[in-house]
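> how does the following fold in three dimensions:
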Amino acid sequence: MSIAKLNTMTHPVAPSPRDVDFVYSAEDLCSNPSKRGVFPFSKSTMYRLIAAGKFPPGEMISDGRRGWRRKVIREYQEKATG
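Take a look at the predicted model:
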């Protein structure tokens with residue numbers, strides 16, 4: 001059996017990005033003086049909005065790292081724009 005065949009048997013091919021619900025980081029979502037994010041506010045403002053219940057809290061994806069699913073962000077944007 002070839003090595004290529006063995007590798008595909010023991011290590012399945014990862015799903016394409018279209019099949020996976022993309023996760024945004026706080027850095028992706030928020031703007032700062034050198035970068036425009038998805039939203040026009042800073043991480044500090046985003047965390048204040050989360051504390052006030054006005055922004056989705058996201059999910060912990062590792063110790064000290066929070067992520068937001070694309071679907072959740074789209075729903076927030078639709079709700080915010082009416």
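> what pLDDT is listed against residue 24?
Looking at residue 24, its pLDDT reads 91.
> and it, how many neighbours?
Residue 24 has 18 neighbouring residues, counting by other Cβ atoms under 10 Å. C-beta coordinates here come from the backbone N, C-alpha and C atoms, glycine included.
> so which elements touch the biggest helix by length in the chain?
Identified as the longest helix of the chain according to DSSP state H is helix 70-81. The contact analysis (3 or more Cβ pairs under 8 Å, 6 or more residues apart in numbering; DSSP states H and E) places helix 70-81 against strand 23-25.
> tell me how far the strand it packs on lies from the chain's centre.
2 Å (Cα atoms, centre = their mean, to the nearest Å).
> returning to that earlier point: just how off-centre is the longest helix of the chain within its chain?
Helix 70-81 has its C-alpha centroid displaced from the chain centroid by 13 Å (Cα atoms, centre = their mean).
> state the mean pLDDT of that helix.
Averaging pLDDT along helix 70-81 gives 91.
> my read: residue 43 touches residue 28, true?
No - the criterion here is Cβ atoms under 8 Å, and residue 43 misses it with residue 28 at 10.7 Å.
> check contacts around residue 49.
By Cβ atoms under 8 Å, 6 or more residues apart in numbering, residue 49 lies in contact with 41, 55.
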